[in-house]
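Asks: Just a sequence and a predicted model for now, questions to come.
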Amino acid sequence: MARPVRVTVARSGGVAGMSRTWTLDSADAPDPERFAALVAACPWHAAGTAAAFEADPDRFAYRITVDGHVVDVTEAEVGGPWRDLLDYLRRHHGPSQ
């Protein structure tokens, strides 16, 4: 069994400048093992910098927090494992803001 984990994604930017936040706890995920595998597959130490995060305000930027570890990922970087995690989170998240 995977250890409990909570992931929060805050999306900002875009042409309209709208912000959204999604949070999912592994205990609330329909498949906690799959959720944990998606989290583990992301390249946490190779994520973008805050400077890249703020470089293009008309594109989406994502601030992803897991267990107190925060990474900033630009829209251009959201592919592969990041996309898989974000898609899963959006499908199964708790109440969003």
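Replies: On my side now, so go ahead.

Asks: His92 reaches Pro30, doesn't it?
Replies: Yes. With contacts counted by C-beta atoms under 8 Å, His92 reaches Pro30, the gap being 5.9 Å. Every residue, glycine included, has its C-beta placed from N, CA and C.

Asks: More neighbours: which of the two?
Replies: When His92 and Pro30 are compared for neighbours, His92 comes out ahead with 15 against 10, by other C-beta atoms under 10 Å.

Asks: Tell me which helix or strand in the protein has the weakest average pLDDT.
Replies: The element with the least model confidence among the helices and strands of the chain, by mean pLDDT, DSSP states H and E, is helix 50-54, at a mean of 55.

Asks: Skip ahead from that one and say which helix or strand is next.
Replies: Once the chain leaves helix 50-54, the next helix or strand it forms, by DSSP states H and E, is strand 60-66.

Asks: and the helix or strand just after that next one, how far from the chain's centre?
Replies: Following the chain from strand 60-66 toward its C-terminal end, the next helix or strand by DSSP H and E is strand 69-74. Distance of strand 69-74 from its chain centroid, counting by C-alpha atoms, centre = their mean, to the nearest Å, is 8 Å.

Asks: Could you name the helices and strands sitting against whatever helix or strand comes next after strand 69-74?
Replies: Elements were assigned by DSSP H and E; along the chain past strand 69-74, the next helix or strand is helix 80-92. The contact analysis (3 or more C-beta pairs under 8 Å, 6 or more residues apart in numbering; DSSP states H and E) places helix 80-92 against strand 6-13, strand 20-25, helix 32-41, strand 60-66.

Asks: rerun at 6 Å
Replies: For helix 80-92, the packing partners by 3 or more C-beta pairs under 6 Å, 6 or more residues apart in numbering; DSSP states H and E come out as strand 20-25, helix 32-41.

Asks: gap between Asp58 and Pro30?
Replies: Relative to Pro30, Asp58 is positioned 34 Å away (C-beta to C-beta, to the nearest Å).

Asks: related to what we said a few turns ago, quick one: which of the helices and strands packed on helix 80-92 is nearest Gly79?
Replies: helix 32-41 (12.4 Å; C-beta to C-beta).

Asks: Alright, I will stop here.
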